[in-house]
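Asker: Provided below are the primary sequence and the corresponding predicted coordinates.
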There are 2 protein chains.
Amino acid sequence: MPKSGDSYHHGDLRAACLRAAIELLEENGSAGLSLRAVARRAGVSPTAPYRHYADRDALVSSVAAEGYRELAITLAAAHPSPSTPDDLAAVAAAYVRFALDHPAMFRAMFAEPCDPRSDERVAATAAITGYVTTLVRHAFPAVDDPAALSTAVWALVHGLAFLHLDGKLDSSTPDVVAEHVHAAVQALLSVS
Amino acid sequence: MPKSGDSYHHGDLRAACLRAAIELLEENGSAGLSLRAVARRAGVSPTAPYRHYADRDALVSSVAAEGYRELAITLAAAHPSPSTPDDLAAVAAAYVRFALDHPAMFRAMFAEPCDPRSDERVAATAAITGYVTTLVRHAFPAVDDPAALSTAVWALVHGLAFLHLDGKLDSSTPDVVAEHVHAAVQALLSVS
DNA sequence: GTAAGATGTAGACAATGCTCACATTAGGCC
DNA sequence: GGCCTAATGTGAGCATTGTCTACATCTTAC
């Protein structure tokens, strides 16, 4: 039982580190995320986290995995069972919004050299791939190459997220962003 | 005149630092790029680069700007004056290939928090935006909202590049990648 | 109740970003 | 030609970080 107090053992340091890492990431970006800072925030010695994470990269990978889970929840919340192109646009807007709301986490998820060995990461991305695929199949049941279209749709949305994140597109207000996403999706889908 | 030899002054340390930074980035990724390593490679004291770059971020920004220039050249080389959807797909494939050939540089260009104050960066990205816009206008002269379509096309290609870069899509051989890009572009453009 | 394993601590080392005081040199001005 | 100023490079040094090793403390299975 994790008695709250000043016992030698923390109780659940692994989870505490993950939480602290996410907080630090959102507060100060990737540069603010150090194992020592995590340890400080968890109220523990500088090397204690090494009992739970092999190195800094392992911690970041865990943060990324947590991010994938939260992204999946966010997308599902945007529309319970999307089946029309309009639904799809709503989900796309939620995806971009997630990136803008959690920039550092989103970068940890996608912008850092990914370790293919991390099972946690691989499984989490597979879940997203599956989600997008079924979504596209529902929205476009009669399409020729559903796999290719799924890839294309994910890439489109993913690219929009990154361009907004990097300030390449106007992201001043949520409405502007949503508008932008809808327009882009609309524009692509309406080309003969 | 920059006498090659062991003179106190380097001659063109700024350019040498940039070159060294790019080399280090391609060799060891972002983690391998330190100001001290750059100094070592340039054969100069550890703090000399600070005369030319305010801090590490400034150096990275310069690398990114150089990357934008090289990307523009690569795209132009892929097709001198693209005007059909097929030409566009060829340019898209070149874009993705650039990302895979220079992963660390590509990340420096797009995946790091961008400093909006860096004029060099802003100007370079504006050039790419313009390039994509004119390209799309040529390929789809009769479209409703050319601006939105340009954004969408850039986002699509950009997203494909990142997904390949992060190992979310099969990138085993250049041919596979090109095939993938063509299929994705084709799939999106053929949806009614 | 005790021994083994899990968990946290203490100390240390090398590398890095960055600052400051100082050395050296180039280029304009007489 | 000769000097003065500013640009450029050096050196020492500080705080922080990642990570390793040896050690302390607690939990738990027997």
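Answerer: Sure, I can see it. Just so it is clear, the structure is predicted and the values come from calculations on it, not from any experiment. Residues are numbered from 1 along each chain as shown, chains lettered A, B, ... in the order given.

Asker: show me the biggest helix of chain A in terms of residues.
Answerer: Criterion DSSP state H: the longest helix present in chain A is helix A:56-78.

Asker: mind listing what's buried in that one?
Answerer: Applying a neighbour-count criterion of 16 or more other Cβ atoms under 10 Å in any protein chain shown, one finds A:58-68, A:71, A:74-75, A:78 buried in helix A:56-78. In short, each C-beta sits where N, CA and C put it, glycine included.

Asker: Can you find the helix or strand in chain A with the smallest mean pLDDT?
Answerer: Across the helices and strands of chain A, mean pLDDT, DSSP states H and E gives its lowest value to helix A:119-139, namely a mean of 85.

Asker: Between the buried residues of helix A:56-78, which sits nearest chain B?
Answerer: A:Ala64 (10.3 Å; Cβ to the nearest Cβ).

Asker: Stretch A:37-51: which residues count as buried?
Answerer: A:37-39, A:42, A:44, A:48-49.

Asker: Ends of that stretch, what's the gap?
Answerer: 16 Å (Cα to Cα, to the nearest Å).

Asker: at contact distance from DNA strand C, anything in that stretch?
Answerer: Yes. Stretch A:37-51 is in contact with DNA strand C by Cβ under 7 Å from any atom of the strand, via A:39, A:44-48, A:50-51.

Asker: pLDDT wise, what is A:Leu169 at?
Answerer: With respect to pLDDT, A:Leu169 scores 88.

Asker: Let me know the secondary structure of it.
Answerer: coil (DSSP: H, G, I helix; E, B strand; the rest coil).

Asker: Centre of the chain to the helix or strand where A:Ala161 lies, how far?
Answerer: Assigning secondary structure by DSSP states H and E places A:Ala161 in helix A:146-165. Counting by Cα atoms, centre = their mean, to the nearest Å, helix A:146-165 is centred 14 Å from the centre of its parent chain.

Asker: Next: stretch A:67-75.
Answerer: On Cα atoms, centre = their mean, the centre of stretch A:67-75 falls 6 Å from the chain's centre.

Asker: Give me the contact list for it.
Answerer: The contact list for stretch A:67-75 (Cβ atoms under 8 Å, 6 or more residues apart in numbering or on different chains) reads A:91, A:94-95, A:97-98, A:102, A:105-106, A:108-109, A:121, A:124-125, A:127-128, A:131.

Asker: mind running it again at 10 Å?
Answerer: A:22, A:25, A:82, A:90-92, A:94-95, A:97-99, A:101-102, A:104-110, A:120-121, A:123-128, A:130-132, A:135, A:157 (Cβ atoms under 10 Å, 6 or more residues apart in numbering or on different chains).

Asker: Please pick the buried ones from those residues.
Answerer: A:22, A:25, A:82, A:90-92, A:94-95, A:97-99, A:102, A:104-110, A:120-121, A:124-125, A:128, A:131-132, A:135, A:157.

Asker: Which pLDDT value belongs to A:Arg14?
Answerer: Value listed for A:Arg14 in the pLDDT field: 96.

Asker: got it, and A:Met1?
Answerer: Value for A:Met1, per-residue pLDDT: 36.

Asker: what's the answer for the one 5 residues further on, then?
Answerer: In the prediction, the pLDDT value recorded for A:Asp6 is 61.

Asker: What of the one 3 residues further on?
Answerer: Here the pLDDT value assigned to A:His9 is 73.

Asker: gap between it and A:His52?
Answerer: Distance, A:His9 to A:His52, by Cβ to Cβ, to the nearest Å: 12 Å.

Asker: of these two, who's got more company?
Answerer: A:His52 (17 against 9; other Cβ atoms under 10 Å in any protein chain shown).
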